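Asks: Quick one: sequence plus predicted model below, questions after.
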Amino acid sequence: MSMAEVEVLAARDVPLGGPRAMTVRRTLPQRARTLIGAWCFADHYGPDDVAESGGMDVAPHPHIGLQTVSWLFSGEIEHRDSLGSHAYVRPGELNLMTGGHGISHTEVSTARTTVLHGVQLWVALPEEHRNAARDFQRHVPGITRIDGADIRVFLGSLAGDASPVPTFTPLLGAELLLDPGATVTLRTDPAFEHGLLVDTGEVRMAGTLLHPAELGYAGAGPDALTLVNESDVPARAVLLGGAPFEEEIVMWWNFIGRSHEDIAEAREEWEKASDRFGTVDGHPGDRLPAPALPNARIAPRKNPVPRADAARG
């Protein structure tokens, strides 16, 4: 068992959802790293007092070439999509939407929500499946207790538990709740790279200390990962993993393609309200308009060689 080198990725604040935007902390993608496995996007938000922030109200918007993964710690979000799905995202429940060739959806925090807190994640679809049909799946994982940690596996397998939700590439997604001062060593797939997004507490990942809202990255190779809660309160984190995604992707707005032309075509079809994205019923607002394309061609995103950030250990 070898020790992983850990690269620390800091979050940046960005607005989400148009005119009534709420602020989220984004750790993927960024210049230092585009992908962890097929995970290509990570937004982390809250805990937000909805009475002050206004909550989440994201009008109908499109996706291609990806899956969205919604995971809440507190609050409730109403999801509607052009497949006809109408679901409520609640804490501890996976909601996974596939928008391969094209889908549109809305996300609105409910009137019952007082504190909104969670993550929104995207998974890039491989070339073979990037035009997959629209789909929506929901799963409520159980809790596995190991070495002072409660683990909820919502995608893939970890700690003897496995999610029944199929994925298009080998993936792992799990919420970890570590007791104060707990140390847990997890057996991991050596073919996977991993990212740990810290929500609360101070967590040492393979020897490197991570603070709340930071994402620690460890490359493939080690067959175990040791996490230590350095706090005197419970620490919560989301562990993401997957086989390195070798394909280059072009990522712009809500679209993932392989070329500038893929993106331009999808944008044009969204603006023309084509059948590619369908329609979402039940949201009172207008659709989100697509931003203008940049003057230059949109270039593929590449992952740099991993580097450890020893200064944060």
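Replies: Good, I have the coordinates.

Asks: from here on, contacts and neighbour counts on C-alpha atoms
Replies: Noted.

Asks: which residues of the stretch 201-313 of the chain score low on pLDDT?
Replies: 304-313 (pLDDT under 70).

Asks: Would you map the helices across it?
Replies: 260-271 (DSSP state H, counting those that start in this stretch).

Asks: which residues touch Phe245?
Replies: Leu35, Ile36, Gly37, Ala38 (CA atoms under 8 Å, 6 or more residues apart in numbering).

Asks: Neighbours of the closest residue to Val140 other than its chain neighbours, how many?
Replies: Sequence neighbours aside, Glu93 is the residue nearest to Val140 in space, at 4.6 Å (criterion: CA to CA, 6 or more residues apart in numbering). By other CA atoms under 10 Å, the residues close to Glu93 number 19.

Asks: any idea how far Ser74 is from Glu93?
Replies: 11 Å (CA to CA, to the nearest Å).

Asks: Likewise for His260?
Replies: 38 Å.

Asks: Could you report the distance from Met22 to Ala149?
Replies: For Met22, the distance to Ala149 - CA to CA - is 31 Å.

Asks: Name the residue in those two with the higher neighbour count.
Replies: Legend: neighbour count by other CA under 10 Å for Met22 and Ala149, higher for Ala149 (24 against 19).

Asks: show me the contacts for that one.
Replies: Ala149 makes contacts with Leu176, Leu177, Leu178, Asp179, Ala182, Val184, as judged by CA under 8 Å, 6+ apart.

Asks: Make a markdown table out of those residues and add secondary structure and neighbour count.
Replies: Compiled in a markdown table, these are given as follows (DSSP: H, G, I helix; E, B strand; the rest coil; neighbours: other CA atoms under 10 Å):
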| residue | secondary structure | neighbour count |
| --- | --- | --- |
| Leu176 | strand | 22 |
| Leu177 | strand | 22 |
| Leu178 | strand | 29 |
| Asp179 | coil | 21 |
| Ala182 | coil | 19 |
| Val184 | strand | 17 |
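
Asks: Between all of these, which two are separated the most?
Replies: The distance between the two most remote of those (CA to CA) is 11.6 Å, for Leu176 and Ala182.

Asks: Let me see the ranges of the helices in the stretch 1-150 of the chain.
Replies: Under DSSP H, counting those that start in this stretch, the stretch 1-150 of the chain gives helices at 50-53.

Asks: Output the below-cut-off pLDDT ranges for it.
Replies: Where the stretch 1-150 of the chain drops to pLDDT under 70, the residues are 1-4, 17-21.

Asks: residues touching Tyr88, list them.
Replies: Residues near Tyr88 by CA under 8 Å, 6+ apart: Glu76, Ile77, Glu78, His79.

Asks: again, but for Ile146
Replies: Ala159, Val184.

Asks: make it 10 Å
Replies: Contact partners of Ile146, counting by CA atoms under 10 Å, 6 or more residues apart in numbering, are Ala159, Gly160, Leu178, Thr183, Val184, Thr185, Leu186.

Asks: so how far is Asp232 from it?
Replies: 19 Å.

Asks: Next: Gly75.
Replies: 25 Å.

Asks: Please produce a markdown table containing the contacts of Phe245, extended by distance to Gly118 and neighbour count.
Replies: Below are those laid out as a markdown table (distance: CA to CA, whole Å; neighbours: other CA atoms under 10 Å):
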| residue | distance to Gly118 | neighbour count |
| --- | --- | --- |
| Leu35 | 20 | 26 |
| Ile36 | 19 | 26 |
| Gly37 | 21 | 26 |
| Ala38 | 20 | 27 |
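
Asks: so which of those residues comes closest to Ala299?
Replies: Leu35 (15.4 Å).

Asks: and the closest one, how far is that from Glu247?
Replies: Leu35 sits 10 Å away from Glu247, taking CA to CA as the criterion.

Asks: again with Gly84
Replies: Remark: distance between Gly84 and Glu247 (CA to CA) = 31 Å.

Asks: Same check on Asp43?
Replies: The gap separating Asp43 from Glu247 is 22 Å, by CA to CA.

Asks: Likewise for Asn131?
Replies: Distance from Asn131 to Glu247, by CA to CA: 15 Å.

Asks: out of those two, which sits in the more crowded spot?
Replies: More crowded of Asn131 and Glu247, by other CA under 10 Å: Asn131, with 18 against 15.

Asks: what is in contact with Leu35 and Glu247 at once?
Replies: With CA under 10 Å, 6+ apart, Leu35 and Glu247 have common neighbours Ala124, Arg301, Lys302.

Asks: If any of those residues are buried, give me the PyMOL selection for them.
Replies: A single PyMOL command selects the buried members of these (16 or more other CA atoms under 10 Å):
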select buried, resi 124+301+302
